Each structure stands twice: as structure tokens, then as C-alpha cells.
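In: sequence and predicted structure below; questions after.
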Protein chains: 2
Amino acid sequence: MVTAVEIEKKTISVIIIEDFKLTRVGLRCALNSNPDIEVVAESDNAVDGLELIKRYNPNIVLMDLGLAGMNGIEATLKVKEINKDIKVIALTSHDREEEVIAALSSGAMAYCLKDIDPSKLADVIRDVVEGVCWLDPLVARKVLDAFPKQETIGILKDKSSEEGRVPLTEREYEVLKHLVDGKSNTEIAKELIVSVHTAKAHVCSILQKMCVNDRVQAAVKAVKEGLV
Amino acid sequence: MVTAVEIEKKTISVIIIEDFKLTRVGLRCALNSNPDIEVVAESDNAVDGLELIKRYNPNIVLMDLGLAGMNGIEATLKVKEINKDIKVIALTSHDREEEVIAALSSGAMAYCLKDIDPSKLADVIRDVVEGVCWLDPLVARKVLDAFPKQETIGILKDKSSEEGRVPLTEREYEVLKHLVDGKSNTEIAKELIVSVHTAKAHVCSILQKMCVNDRVQAAVKAVKEGLV
DNA sequence: CGTAATATTAGCCACCTTTCTGATATTTAA
DNA sequence: TTAAATATCAGAAAGGTGGCTAATATTACG
């Protein structure tokens, strides 16, 4: 691994998509005062913005989420279709949690509120170009809490918290898998090449061990706890 | 809103929990060379580390995830029990995606690989103290892609992409919720104060609209897609 | 070797589910 | 206002589900 220090500082090209003219101007001024950052184009709407992105192929897109017409989420998806390497930073003035999550899962790498310090924004841009994910303090924890919890359980259950729970046998896990696929006892029996009676017996003991009343609850619990 | 510039630069206190002595020393040296960061304690295991955290109440905990005994995920949970304001930065040498997600949903605010540039780590610490979420480039996109997608759909369906998918009616969503709870048609009917026939009719159309064959598949699909 | 756990099969019964056909009232949108 | 979508109710047929008891291999562990 070479760690030579001949880094040629490349300019980071930025396109701004933002409907408020004043904000746009403010962003451009703030960013262009950094020698390594250059705002190459701007648009007040997503459609034109996407055209600019195709033309300029920038490193970074600053995307306002509260656009009229095509919103920032859709636009972010489309940016990713144009070139997956273009990094999108989502910008808004508010902090609607669902919007943040939607933006991130659509391909945005960062989420900033508009009252971010200009020099901080420049830092964020430099980070994001490298692939860093950066979330504004006002939303960070809320967003992280939205993560599915079963992963955590998965990691923890290796070492501890094995007590109290009745484990399913191998065979029962097989049956559970089919059950979650929505297979009937008859179908499960065919898959496992056993009689329907056997399949039923397994399902019965699965229900008991999982402390549920029917196969729907078993399936839902299995999915939620990541048992399958 | 006052934006006076009398910011008194406070020192950021850091505790390091990391089993490799060399890495620990390296981290301490690298961080203590920053005037605004002070490593106040270190531990090579989670149990002692938690005691130190109780005693020193630091701003930041650098947590190695690959600890023997109690792992970093559990330890992170416990740090949050001690004081929710203490920010945990997860550190590892590899990039197991599940581990990252587990760490973040357990309360970590950032995820760094151990080969991070020391000055960059200092920057991350300063960001994280402010509540920023920071994810290493090597895992950022993978982690963001792990987000539940229904939020995105939710935002988008307001404006566009109404095609292709048959949406459930309000009433059908109510029924679906009970269905996922494992309720029988009879029970659903009682809950909604309608006849069993009606409940059945709703379930029928839910199954058709969701393109599944039985209620188990409907329930599993609903859970997986976050429709409930 | 023998005991315990697991896997297998069987029959029975009350109840539930899914699909079908068909009907009526209410609400919504064109 | 008319047409379409939605919610409601009904009966019946075919098959599936869950709980019960009971018996027989197979496997694993001390």
C-alpha cells in the first residue's frame, strides 16, 4: 500500500439544485471561496438540474429536497441512474425524519440542514467526495434509530441471551422456513418428503416453542427476529 | 438567535476501549497531539472500560467492536445506559456490514476503520461531539442501502410511481394489520365490528392485490415491506 | 448399553380459510 | 348525474389448520 504524499489536489465540481435563488447564491459564494471546490452549474428545478448533471458530470450534487414538481428524492434516484459515482448531498431547512431516510436510501450520502456553517459544508463536501456518510446532528440519532434491530439481536445472541428461549431443532427450522414462504402443511410435507402428519407435528411444536397461536404469528415473529 | 463569537474551546474528553495495546497507544498519541482532545482513560476490555466511563463521564468513547468477552455492541448499549449523551465511535479493522448496522442501532454515532488518518479521526471526533453521524467510506453506501425502503416509497407515491402497484384501501390496511397480528377472520370481524363475511371479503382482496396465495405470505410480505 | 431427545407416521375432530357467486348501500370522481 | 370504487353482508363447497393421543425408528450422550 503506497502512502506517498504527492497528492495532487483536484478541484471538486459541484452542481446546486435549489429553488430559492437567495440560497443558491449564498451556497455558490460560500463554496467558491474554497480553492478546491467549484460550483459548475445551478438549477432551480430537478428536470433542468438533471440535464446539467448529464452535461457536467460533477463530483457532488447539492440537492434541495423541497423542490416543486419532481422532488429531491426522485431526482436523487435519477442522479444515481446517470452516474452512480456522483455523490448527492441532501439539503433542507427542516428535519422530517422520513424524508431523511428516503433521501439516504435513494442514494444520498449526506444530509445537511440549510443553516449549516459554510466552512463546515465545505468540509462535508470534501468528506463526501471520499465516500463518507455525514448526517446533521439534528437528525443523526433519529435516523440511526430507524435501523432494523434484528441485526443487533443477531450479533448479541451469539454470546449471551441464549437463556429463557427454547431453541428449535434443525428440522423445525427447515419447516419454519417453508412456513414463512407461505407453504401449507401438505406442501411442506412434499418438500421434505415426509407425511403430512409429520409436517403438522413439526408445525405444532414450532408454534409451542415460539409461544404463538398460529402459523401467521410464527411467520411474522420469525421474520421480525431474523430467524430466517 | 445569537451568533456571538465568544466560543470557549472546551477540551473533548475521550476514553479508548481497545484490546490491542499497540493500537491503543497509537490512538492516544495521535489524539493527544490535538490541543482540544484529551484521552482521559483507556481499557483493553469492555467491563473495565464501562467502569472508567462511569468514573470519567467522557464526551467520546472510541469502542473497538472486536473485543473478547463482552463485545463492542453490548458495551455500546451499556454506555448508552450510563449516559445517553456520551457519543460512541465504533472502530474495527474489517467491515462486516451487519456489525456496522448493529453498532449504529445500538447507539454508536460513527464507524471508522482502524486505518483512518489520525487527523481525520480528530475531525470525526469533533463532528461527533456535535452529534454528527459519520460513516467510513468503505461501509457508508452499504449501510445506507440497508435502510428500509418503504419510506422512500412513501415519499414518492405522493407524486408519482402510482403505476404498476395496486394499493390497498384504508379498510384493507386495517384488516392487514390485524392479519399480521395473527388474528383469524372471526377475530378481525369482531375487532372491526363487521360480519365474518366482510372480514373474509377484505382478506380475499388483500391476497389478490398483494399477489399472494395465503395470509401467511401476505403477513410476511407486509412485514418485509414495512406496510404495517 | 440404556435413556433421552428427535423424527417419523397415524387417525380424529372441531374449526378456520379460501374461493365462488351474488346482492346492496355509500362514497368518490368524472 | 352517472359511473366506478368501496364496504358491507350471505351461503356453500373444498380443503387446510391446530390440538389431541399414540406408536415406532433413529440418534446422541453419558
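Out: Received it, and whenever you're ready, just let me know what you need. Residues are numbered from 1 along each chain as shown, chains lettered A, B, ... in the order given.
In: run a quick neighbour tally on A:Ala110.
Out: Residues contacting A:Ala110 under the criterion other CB atoms under 10 Å in any protein chain shown number 28. In this view, the C-beta of every residue, glycine as well, is placed from N, C-alpha and C.
In: pretty sure it sits in a strand.
Out: Yes. Assessed by DSSP: H, G, I helix; E, B strand; the rest coil, A:Ala110 belongs to a strand.
In: what score does it have for pLDDT?
Out: Listed pLDDT for A:Ala110 reads 95.
In: report the contact partners of it.
Out: A:Lys87, A:Ile89, A:Ala90, A:Val124, A:Asp127, A:Val128, A:Val132, A:Cys133, A:Trp134, A:Leu135 (CB atoms under 8 Å, 6 or more residues apart in numbering or on different chains).
In: between these, which sits nearest DNA strand C?
Out: When the contacts of A:Ala110 are compared for distance to DNA strand C (CB to the nearest atom of the strand), A:Ala90 wins out at 31.2 Å.
In: that older thread, just the buried members of the contacts of A:Ala110?
Out: Among these, the ones that count as buried by 16 or more other CB atoms under 10 Å in any protein chain shown are A:Lys87, A:Ile89, A:Ala90, A:Val124, A:Asp127, A:Val128, A:Val132, A:Cys133, A:Trp134, A:Leu135.
In: please list which of those residues are also close to DNA strand C.
Out: Among the buried ones among the contacts of A:Ala110, none lies close to DNA strand C by the criterion of CB under 7 Å from any atom of the strand.
In: can you point me to the longest helix in chain A?
Out: Counting residues, the longest helix found in chain A (DSSP state H) is helix A:196-209.
In: next helix or strand past it?
Out: For helix A:196-209, the succeeding helix or strand toward the C-terminus, using DSSP states H and E, is helix A:215-224.
In: ok, A:Ala140 touching B:Gly107?
Out: No. Here A:Ala140 does not reach B:Gly107: they are 11.4 Å apart, not a contact under CB atoms under 8 Å.
In: returning to what we had before: go through the longest helix of chain A and flag the buried ones.
Out: Buried residues in helix A:196-209, counted by 16+ other CB under 10 Å: A:Thr198, A:Ala199, A:His202, A:Val203, A:Ser205, A:Ile206, A:Leu207, A:Lys209.
In: including pLDDT and distance to DNA strand D, could those go into TSV?
Out: As requested, those are arranged in TSV below (pLDDT from 0 to 100; distance: CB to the nearest atom of the strand, whole Å):
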residue	pLDDT	distance to DNA strand D
A:Thr198	92	9
A:Ala199	91	8
A:His202	91	10
A:Val203	91	5
A:Ser205	89	9
A:Ile206	89	9
A:Leu207	89	5
A:Lys209	86	11
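In: want to throw those residues into a markdown table with distance to B:Asp117?
Out: Converted to a markdown table, the buried residues of helix A:196-209 look like this (distance: CB to CB, whole Å):
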| residue | distance to B:Asp117 |
| --- | --- |
| A:Thr198 | 60 |
| A:Ala199 | 57 |
| A:His202 | 55 |
| A:Val203 | 55 |
| A:Ser205 | 55 |
| A:Ile206 | 51 |
| A:Leu207 | 54 |
| A:Lys209 | 50 |
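In: check which helices and strands the helix or strand encompassing A:Val139 sits against.
Out: Using DSSP H and E, A:Val139 sits within helix A:137-145. Here helix A:137-145 touches helix A:97-106, strand A:108-113, helix B:97-106, strand B:108-113, strand B:133-135, going by 3 or more CB pairs under 8 Å, 6 or more residues apart in numbering or on different chains; DSSP states H and E.
In: residue nearest the middle of chain A, spatially speaking?
Out: Compute the mean C-alpha point of chain A, and by CA atoms, centre = their mean the closest residue is A:Ser105, 3.4 Å away.
In: so what pLDDT did the closest residue in space to it that isn't next to it in sequence get?
Out: Once flanking residues are discounted, A:Ser105 sits nearest to B:Phe147: 4.0 Å by CB to CB, 6 or more residues apart in numbering or on different chains. As predicted, B:Phe147 sits at a pLDDT of 71.
In: what is the burial count for B:Phe147?
Out: Residues lying near B:Phe147 (other CB under 10 Å) number 20.
In: what about it, distance to DNA strand D?
Out: Distance, B:Phe147 to DNA strand D, using CB to the nearest atom of the strand, to the nearest Å: 29 Å.
In: you'd agree that residue is up against A:Phe147?
Out: Yes. When contacts are counted by CB under 8 Å, B:Phe147 is listed as touching A:Phe147 (7.4 Å).
In: run through the strands of chain A in chain order.
Out: Assigned by DSSP state E, chain A shows strands spanning A:12-17, A:37-43, A:60-64, A:87-92, A:108-113, A:133-135.
In: mind giving me the packing neighbours of the second one?
Out: Using 3+ CB pairs under 8 Å, 6+ apart as the contact criterion, the neighbours of strand A:37-43 among helices and strands are strand A:12-17, helix A:21-32, helix A:46-56, helix A:118-129.
In: out of the ones you listed, deepest packed?
Out: strand A:12-17 (a mean of 24; mean count of other CB atoms under 10 Å in any protein chain shown).
In: and that strand, how far out from the chain's middle?
Out: Centroid displacement of strand A:12-17 relative to its chain, using CA atoms, centre = their mean, to the nearest Å, is 22 Å.
In: against which helices or strands is that strand packed?
Out: helix A:21-32, strand A:37-43, helix A:46-56, strand A:60-64, helix A:118-129.
In: can I get these in JSON lines with mean pLDDT and distance to DNA strand D?
Out: Shown next, in JSON lines, are the helices and strands packed on strand A:12-17 (pLDDT from 0 to 100; distance: least, CB to the nearest atom of the strand, whole Å):
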{"stretch": "helix A:21-32", "mean pLDDT": "92", "distance to DNA strand D": "40"}
{"stretch": "strand A:37-43", "mean pLDDT": "95", "distance to DNA strand D": "37"}
{"stretch": "helix A:46-56", "mean pLDDT": "94", "distance to DNA strand D": "30"}
{"stretch": "strand A:60-64", "mean pLDDT": "95", "distance to DNA strand D": "33"}
{"stretch": "helix A:118-129", "mean pLDDT": "94", "distance to DNA strand D": "42"}
